[in-house]
Every structure is written in C-alpha cells, then in structure tokens.
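1. what shape does this take:
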Amino acid sequence: MSRTVEPAAMEPALARRTFLKGLATAVTAPALLAACSSDDTSSDKTPAKGDPNAPADLSFWTWTTNIEKVVDIWNQKNPTQKVTVSRQAQGEDEITKVITAHRAGNAPDLIHAEYQALPVLITNGVAADLSSLAAEVKSAFTDGTWKLVSFGGKTYGIPQDVGPMMMYYREDLFTQYGLQVPKTWDDFAATARQVRQKAPNQYLATFSSGDPGWFAGLAEQAGANWWVNDGGTWTVSINDASTKKVAQFWGDLVNQGILSGKPMYTPEWNKAMSDGTLLAWPSAVWGAGVLEGVAPSTKGKWKMVPMPQWDAGTPATGYWGGSATAIWAKSPHRAPAEKFVKWLNTDPEALDGMISAGGIYPAATAGQSAPSLSKAPNMMPNQPAFFADAAEISKTARGFSWAPNVNVTYSNYSDIFAKAIQSKSDFGAAVDQLQTASVADLKKQGFQVKS
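-> From the prediction side, this is the model:
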C-alpha cells in the first residue's frame, strides 16, 4: 500500500457538517459522569478483559473509507481474531445506532466515533474505560491529541485521525497585491485591511457562523478549554478569556466590513474560493482536498502555512475534525479488541494503510511521516514539503475534552453567531449567550454544573 493519499479523501466527516441535532434524542441525559463513567459500566456488569490472544470474532462499526483493506491485513495476520467491518451509518447517525444496539445488548465490539461523540458514549455506558491500554500507547501521540480522548482522568478511546489547523493562502494574489504572509493575528488584521484597500471587492477571509468546530479549533489555539469534568461535576468555560479574545478579534473585523461574514461550504463560498474573492482560509490539514473539490482551477496557486499566532514565541494551533476508536464496555472480547485497537492506531503498516487507502491524517505522530505522505496533495504541487510542514504544525496542536451536549452547543453557536453577524452585534456577547445556553442545557439534562 504505497500509493500517495488522494487529498480529496483527506477531509473528515466533520469538515462539511456540524455535530448536530439528531443525537440528542439518543442520549440518556442524567447518566453519571462521575469519573466519566455511567452505572452501566460498573464492575459487576463489565466483562473481564481476558486473554488478548484468545480466538474472537470482532465487529467494527466505522465509516473510514476503504478501512476493509487495512482490516484485511489484520485478518491475514490474526486468522483466529477476525474483524468484520460494518458500515451502519456515519457520524452522529452511527452513534445513535450504537446506543440503540447497546440498550439491546448487541452493540459492536469496536466503535469509530468523532471526538465530540465520546462523552455521549460515556454517559450512556457504551464506551469502555481504556486507561490501562492508554498507558501502553500514550507516548505514540501528542499531549494535545490525548486531551481529545481524556475525561475525568480516564481514557475512553484511542485517537485514530486528527485535523490540526493551518492557514491556506493564495500565493499568486499575495504577490500581486504585495502582501506579507501574516505570522501573528495582529498581522492578519493588518493584512485584511490592506486587502480591502487594494481590492475593495475582495477579502482576506471569512468568519463562518455555520462551522462551530472551526470556531472551537480557533479557541483551542488561543488556550481555551470549554469543558472540564471533575468527579461528576462539570465546569463550563465557553466564555473564558481566550475564547472572548478570539470572538472579539473576528467580530470587530467582520462588523467593520474588513472581513467577510459569509458561511463556508455554500455555492457562494465555493465561487469565492475559486475566483479570488477570498485570499486565505484558516482550515485544517484536509483543506487541500476541499480546495481541489471547490476550486480546481486554482491548483498550484495556494500555499499552506502555520496559523497566525497569538504569541509568536509559543507556536500553537487547534484541531478541526478527527475521530477515535472506542470499545464497547460489554464486549465479550475485550482483550482481543484492545489488541486490535492498539494495532490499528499505532502499527506502522496499519497507519500507512489507513492513509493510502482511506485518506486519513493519522493521530499517531509516527504516522504523520508515513511513506504515503511523502508526496504533496494534488492541489499543492508547489509545496512538496506539505505533509512534512503539516507534521511540524501538528506537534503544536492543543485540544480539549468535550461535553455530552456538544450537539446543543454547536446548534446554538450557529443560531447565535448568524444573528450577531446579521445585526453587527458584539461577538463577545454572543459567546456569553452560548455559555448560558450550554450551561442551561446541561442542567436541564440532569448533570451537575459548577456555578
């Protein structure tokens, strides 16, 4: 499996959609998150781990592209521990089906889940505590990545893929207008003003009310940590100083007409990315694949660089997208399942296979320099070191743990910020509204929230 990853496949499920509404109906809200576990996973109900080499037939619900090719490698090497892939659904639809199957006592042994979905699996007693396995594999991942699967001091999934954020810009247009690539957010604001002065019909970038995962990644970069669970009590900090700083920075520029406030992933946005109306895009490692799909005529005109920084002396970025592999808490094949999950997400052959066959950007640091990433994405022939540059950026990514009502938070984000953009109101106040709505929903669902 040596072919180079096709960049169009690099875009994870989260990139084109938000983690939204259908999931809420599946959640048993008042479940404990004391130590991030539910009473469904108490020791008298959880099967013993057993022998990792014992014969087993493992079921794996996933949507990863061509994952069967990677699983075939495992099955050939482990004929008595066969893994069978089932594509039940994708994203939140899959999680809803997993929870339903869990209640019926027939959930899959292995579960592919976006990071935002893990708290829902935990509070419903679906995801096993993998802390003992984590001790074996944690060194294969950055600390920022590990935060995405850690809750209340325990681990409930092993990272599979990540979406570290970086900035794409139109190199040809920057040259045409004599613009410097911004290294700090102050530089970014200055460059945005220059664009409006030199090309009044163009903008440096847009702020999207339709992409809460994008905004969460920007907040992560600034040092935010929206949710913390301590012994079953939640602290919610969506309107912390770091997030307020990000919101007010973008809000001021949008309200002054210096940046656009149009949403991403619309026909208008596609056209703007193609015709030069937008000169830059703070995005993620999979962004080159999106550009290939929406602006193919601009091939070779974009370059990727690290995100502008709040502190130039301490490089940082956030995540937009990614997923983990969890194990059903009641799996009768716990030990073999752990053996497979460790192999899938840390073994060099498995990582290279998931890149070349599935187009993922692996979470394991070793995978980020795999042979399949030796060639630049099709859209970026002018940047042969694209993935080497991305790997360096990925080392600086900050993550945070999520809450069991991310779907509600994300939905409210879209509504609140769309109104703020339309009314040209304060984005800092919009973050306060988001905080209030998220806390109210957690309390309504029966969770303890620290005031």
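2. surely residue 214 meets residue 207?
-> No. In this structure, residue 214 is not within contact of residue 207 by CB atoms under 8 Å, at 9.1 Å. (C-beta placed from N, C-alpha, C; glycine too.)
3. from residue 176, how far out is residue 418?
-> According to CB to CB, to the nearest Å, residue 418 and residue 176 sit 33 Å apart.
4. which one of the two has more residues nearby?
-> Neighbour count, other CB atoms under 10 Å: between residue 418 and residue 176, residue 418 has more, with 16 against 13.
5. low pLDDT regions in the protein?
-> 1-48, 451 (pLDDT under 70).
6. check the gap between the residue nearest the centre of it and residue 214 for me.
-> Nearest residue to the geometric centre of the chain (CA atoms, centre = their mean): residue 321, 2.0 Å. As for residue 321, its distance to residue 214 is 9 Å (criterion: CB to CB).
7. likewise residue 68?
-> Residue 68 is 31 Å from residue 214, by CB to CB.
8. which of the two has more neighbours?
-> Using other CB under 10 Å as the criterion, residue 68 and residue 214 rank with residue 214 on top: 23 against 17.
9. can you tell me the element the more buried one falls in?
-> For residue 214, the element it lies in under DSSP states H and E is helix 212-222.
10. so what does the helix or strand just after that helix touch, helix or strand wise?
-> Reading on from helix 212-222 to the C-terminus, the next helix or strand found by DSSP H and E is strand 227-230. Here strand 227-230 touches strand 233-236, going by 3 or more CB pairs under 8 Å, 6 or more residues apart in numbering; DSSP states H and E.
11. now do the helix or strand following the strand it packs on against helix 212-222, angle only.
-> Going down the chain from strand 233-236, the next helix or strand is helix 241-255, by DSSP H and E. Helix 241-255 runs at 120 degrees relative to helix 212-222, counting by axes from the mean of the first three to the mean of the last three CA atoms, to 10 degrees.
12. residue 258: what's it in contact with?
-> 189, 192-193, 196, 203 (CB atoms under 8 Å, 6 or more residues apart in numbering).
13. work out for me the element it sits within.
-> Counting by DSSP H and E, residue 258 is part of no helix or strand.
14. hmm, back to that, helix/strand/coil for the residue nearest to the centre of the chain?
-> Taken by DSSP: H, G, I helix; E, B strand; the rest coil, the conformation at residue 321 corresponds to strand.
15. run a quick neighbour tally on the residue lying closest to it once chain neighbours are set aside.
-> Counting by CB to CB, 6 or more residues apart in numbering, residue 321 lies nearest to residue 163, which is 3.2 Å off, once chain neighbours are set aside. Neighbourhood size, residue 163 [other CB under 10 Å]: 29.
16. so what's the gap between whichever helix or strand residue 163 is part of and the chain middle?
-> Assessed by DSSP H and E, residue 163 sits inside strand 158-170. Distance, stretch centre to chain centre, for strand 158-170: 8 Å (CA atoms, centre = their mean, to the nearest Å).
17. equivalent analysis for stretch 324-341, please.
-> Relative to the chain's own centre, stretch 324-341 is displaced by 22 Å; criterion: CA atoms, centre = their mean.
18. may I have the distance across that stretch, first residue to last?
-> End-to-end distance of stretch 324-341 (CA to CA, to the nearest Å): 10 Å.
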